[in-house]
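In: Below are the sequence and a predicted model; questions follow.
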Amino acid sequence: MELPFAHLNLRRNPFGELTEAERAALAIVDVSQIAQALSDPNYAVQFVGEKGYGKTTHLLSLRTMFPDAGYVHIPEGETRPVPGGCPVMIDEAQRLTWWQRRKLFSSEVPLVLGTHKDYASSLKRYGRKVETVYVGDGTSTDR
C-alpha cells in the first residue's frame, strides 16, 4: 500500500493535525503532582488560559495517566454529555450548561477542567479542593 503523500516524499499530510495520542506524547508539561492529587474525589484542577496556550495539552497529558478517565472536548456552539469515568476531564468547560456544571461540580469524582473562565469560587461552594493553573504564565511571546 502506498501512502497518499509518498509522491511528495512525505509520510503524512504536513498540514494535518496531530492525533490526541501524538499531542500527549509530544507535550512538555509536568503534571505529576496534579496526577497524585487526583486520588482525592473532592479535588478539582482547572487549567485557565487563552486559546493556544496549553490547556488541552495539559488535559491530554493527564489523560494518558488515567485509563479510566472520562474525557470530552466541547466544540464551540455545541453541547456534549458529560462522560463517566474517574477522573472526569472537560476541555472547554466554559461551554458546559448551567445544569451540567451544577451536577458535575457537586459530584464525588475528581475533576480536570480546561477553561477560559475561572470556576474556583463555584467549585469551592460545592466543597471542592481547587487548584488553578494559569497556562501561558511564563510562556514565551515568540512561541
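Out: Here it is on my side, so go on.
In: V82 reaches W99, doesn't it?
Out: No. Look at V82 against W99 with Cβ atoms under 8 Å: they stay out of range, at 10.1 Å. Yep, even glycine has a C-beta here, placed from its N, CA and C like the rest.
In: quick one: the strands in the protein?
Out: Counting by DSSP state E, the chain has strands at residues 43-48, 70-73, 88-91, 111-115, 129-134.
In: Report the contact partners of A69.
Out: A69 is in contact with 62-63, 85-89, 112, counting by Cβ atoms under 8 Å, 6 or more residues apart in numbering.
In: any idea how far E108 is from H73?
Out: Distance of H73 to E108, computed by Cβ to Cβ, to the nearest Å: 24 Å.
In: who's more crowded, the two?
Out: H73 (16 against 8; other Cβ atoms under 10 Å).
In: show me what contacts A37?
Out: Shown in contact with A37 (Cβ under 8 Å, 6+ apart): 43, 45, 110, 129, 131.
In: okay but L111 is in contact with V45, surely?
Out: Yes. With contact defined as Cβ under 8 Å, L111 reaches V45; the gap is 7.3 Å.
In: Of the two, give the one with the bigger neighbour count.
Out: For L111 versus V45, neighbours defined as other Cβ under 10 Å are more numerous around V45 (27 against 24).
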